[in-house]
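Visitor: One predicted model, sequence on top.
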There are 2 protein chains.
Amino acid sequence: MTDIPTLEDLTQARTRIAPHIHRTPVMTSRHVDGRVGASVFCKCENFQRVGAFKIRGATNAVMSLDDRRIARGVATHSSGNHGAALSLAASTRGAPAYIVMPESASKVKMEAVEGYGGRIVHCSSDPADRQAVLERVIADTGACLVHPFDDYRVIAGQGTAGLELIEQAPGLDTVLVPVGGGGLISGVALALHYASPGTRVVGVEPGGVDDACRSFRAGRIIPVPDGTSIADGLLTTVGDKTFDIISRFVDDIVTVEDFEIIDAMRFVWTRMKLVIEPSAAVPMAALFSGRLDAGGGRVGVVFSGGNVDPDHLPWV
Amino acid sequence: MTDIPTLEDLTQARTRIAPHIHRTPVMTSRHVDGRVGASVFCKCENFQRVGAFKIRGATNAVMSLDDRRIARGVATHSSGNHGAALSLAASTRGAPAYIVMPESASKVKMEAVEGYGGRIVHCSSDPADRQAVLERVIADTGACLVHPFDDYRVIAGQGTAGLELIEQAPGLDTVLVPVGGGGLISGVALALHYASPGTRVVGVEPGGVDDACRSFRAGRIIPVPDGTSIADGLLTTVGDKTFDIISRFVDDIVTVEDFEIIDAMRFVWTRMKLVIEPSAAVPMAALFSGRLDAGGGRVGVVFSGGNVDPDHLPWV
């Protein structure tokens, strides 16, 4: 896939990954609707395999490779959900997944990757070293790079969540999506552009790492090098492919503060009884804080994942 | 209703409460099935209104009263989910609910009752005083007593969870239900007796308050006066009505230890991404610990509620 995914690319991705992923439910809550003043539909990718939407894109990439290429395996750098997802996707084809992770990565994350059959290759926390290690792994093994987000196969896979959402909750006025590297929002924006063109797509980003918001306004990628947030899945900068799609198909990007993210996460845990990770609470934070006015309409939000260390909850 | 609920009582209860409650989903997990070695179907009453199955029985009782009787309100003693549930059920008929609670009850629990419109009447923590205060409230107001569990209308209401479960997951070999006062297991045992007679019903109780288990074996009610457990919803002793039904329609009662309850709760949170309270984790604890051998079959468990104070998680 060498150009922006078409509707056919998205529907093919959907068929390709269907046997390997869950069609996650869309849940609603009177408590949420009452607080927001709108009808809110939550796409529960926290219930997805590996606990996050990332399995969609990783599976689409892995299943797109022919037998000869997949035999050499796949490789990526990710200390988070993408590494676990690529490991699981590769294992379903009996192929190795090489996951480049900093030595400082948490034990929980390393165990997740290894639990799904991934092979961890350590690097230092320096981005240049991480890239060098990844390139060496690829040169040594012939593995195929599957970037966490800046890859059209991955973007098309993530977009399947958008196709499902609009079927499960038709007629949405707005869909809110968390923005990190931009893979999820790119896929969802394309899905809605094709399948529900009247629906507005808005990205939500932590204020501490607002590279996507700044870039969207400036019309060019503006990294925020030392950005930080409790939403540790959203610390990456948008890529060339995702920024291009965001620029063309996303209506707006708003930011929220960490205290608002924690409040939203806690509200969803206590009222909806759903375990979501901080990154997944970011869209709801935009609604609760009033930073995005839902105006009484029908709003979709993507709960992107539920992988939290229960010993380190942000409010404890 | 003056005798053990019939199938017709259960189906009437179901129709009566349907507009006021959720038909909660049944969820499954590969992680759980892999650990247990069986197919496990989880009835998610943590998603129920007020966060627990208690709204079923409370609503059935409230909706059973004629206009003249409900106008005087309803009353109960409960510092937990039943008090909140009765408050909400009464409010849907515009009637007062008098909830007798010890002055030492947590702020969270008092706020829940008041949030649903209940009127708190304080008592001391002495059971005799609690009963005296409740009787005085009833004498003063003419309110109708709705006991938390030892009431056939309440039992019939709780049984609707069993009717739904067996429709959503047909052909279950065994259903596991937490046992406190016995309202839920009585209703579910009757539902399965009528609608799925081949299904075994097993109660699970914390070892520290094993009055139901002891009573079941002895054939008479044996209280455990100073029993304690992390599963604070299960500290009550079975009543005359519930013990009679348990004796006749429940196949066995097993016990689990608190560390097993905490482990099961944590596993459900981290792997199924579901917030359940300690009482709700008790059946899963019996499966994980091997105290109940599921033998590769199809097993139903009732996640009875999800009301947890996120600042006081049992493993933190």
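Guide: Received it, and whenever you're ready, just let me know what you need.
Visitor: And the residue of the stretch 101-250 of chain A that's closest to chain B?
Guide: Closest contact between the stretch 101-250 of chain A and chain B, by Cβ to the nearest Cβ, is at A:V108 (9.6 Å). In short, each C-beta sits where N, CA and C put it, glycine included.
Visitor: Surely that residue forms part of a strand?
Guide: No. Applying DSSP: H, G, I helix; E, B strand; the rest coil, one finds A:V108 to be helix, outside a strand.
Visitor: residue contacts, it?
Guide: With contact set as Cβ atoms under 8 Å, 6 or more residues apart in numbering or on different chains, A:V108 has these partners: A:D309.
Visitor: same thing but at 10 Å, please
Guide: A:V108 is in contact with A:N307, A:V308, A:D309, A:D311, A:H312, B:T270, counting by Cβ atoms under 10 Å, 6 or more residues apart in numbering or on different chains.
Visitor: Likewise for A:V299?
Guide: By Cβ under 10 Å, 6+ apart, the residues touching A:V299 are A:32-33, A:36, A:38-42, A:169, A:172-176, A:199-200, A:202, A:283-284, A:286-287, A:292.
Visitor: same check, this time on A:I185
Guide: Counting by Cβ under 10 Å, 6+ apart, A:I185 makes contact with A:149, A:155, A:158-159, A:162, A:175-179, A:201-205, A:212, A:238, A:242, A:245-246, A:249-250, A:253, A:302, A:304.
Visitor: what's the answer for A:A75, then?
Guide: A:A75 is in contact with A:86, A:90, A:96-100, A:119, A:121, A:133-135, A:137-138, A:140-147, counting by Cβ under 10 Å, 6+ apart.
Visitor: Repeat the analysis, applying 7 Å as the threshold.
Guide: Contacts for A:A75 (Cβ atoms under 7 Å, 6 or more residues apart in numbering or on different chains) come out as A:Y98, A:L134, A:V137, A:I138, A:A143, A:L145.
Visitor: try A:S196
Guide: Taking Cβ under 7 Å, 6+ apart as the criterion, A:S196 is in contact with A:I166, A:L172.
Visitor: let's see 6 Å
Guide: A:S196 is in contact with A:I166, counting by Cβ atoms under 6 Å, 6 or more residues apart in numbering or on different chains.
Visitor: next one: A:T59
Guide: By Cβ under 6 Å, 6+ apart, the residues touching A:T59 are A:I17, A:H20, A:A89.
Visitor: quick check, nearest of these to chain B?
Guide: Chain B has its nearest neighbour among those in A:H20, at 12.2 Å by Cβ to the nearest Cβ.
Visitor: pLDDT value on the closest one, please?
Guide: Note for A:H20: predicted pLDDT of 98.
Visitor: tally of neighbours for A:L274?
Guide: Residues near A:L274, counting by other Cβ atoms under 10 Å in any protein chain shown, number 24.
Visitor: now it, which residues is it bridged with?
Guide: Beta bridges link A:L274 to B:L274, judged by DSSP bridges.
Visitor: Not counting sequence-adjacent ones, nearest residue to A:L7?
Guide: Excluding its sequence neighbours, the residue lying closest to A:L7 (Cβ to Cβ, 6 or more residues apart in numbering or on different chains) is A:Y194, at 4.0 Å.
Visitor: Could you identify the helix or strand that succeeds the one helix or strand that neighbour maps to?
Guide: Here A:Y194 sits within helix A:183-195, counting by DSSP states H and E. Downstream of helix A:183-195, the next assigned helix or strand under DSSP H and E is strand A:200-206.
Visitor: Report the buried residues of the lowest-mean-pLDDT helix or strand in chain A.
Guide: Least confident helix or strand, chain A: helix A:107-115 with a mean of 89, by mean pLDDT, DSSP states H and E. By neighbour count on 16 or more other Cβ atoms under 10 Å in any protein chain shown, the buried set for helix A:107-115 is A:K109, A:M110, A:A112, A:V113.
Visitor: give the contact list for A:W315.
Guide: The neighbours of A:W315, taking Cβ under 6 Å, 6+ apart as the test, are A:I262, A:R266.
Visitor: coming back round to it: just send the buried residues of helix A:107-115 back as TSV, with distance to A:G73 too.
Guide: As requested, the buried residues of helix A:107-115 are exported to TSV (distance: Cβ to Cβ, whole Å):
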residue	distance to A:G73
A:K109	20
A:M110	19
A:A112	18
A:V113	14
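Visitor: Output the set of residues of chain A in proximity to chain B.
Guide: By Cβ under 6 Å from any Cβ of the partner chain, the residues of chain A that approach chain B are A:N46, A:F47, A:W269, A:T270, A:K273, A:V275, A:G306, A:P310, A:V316.
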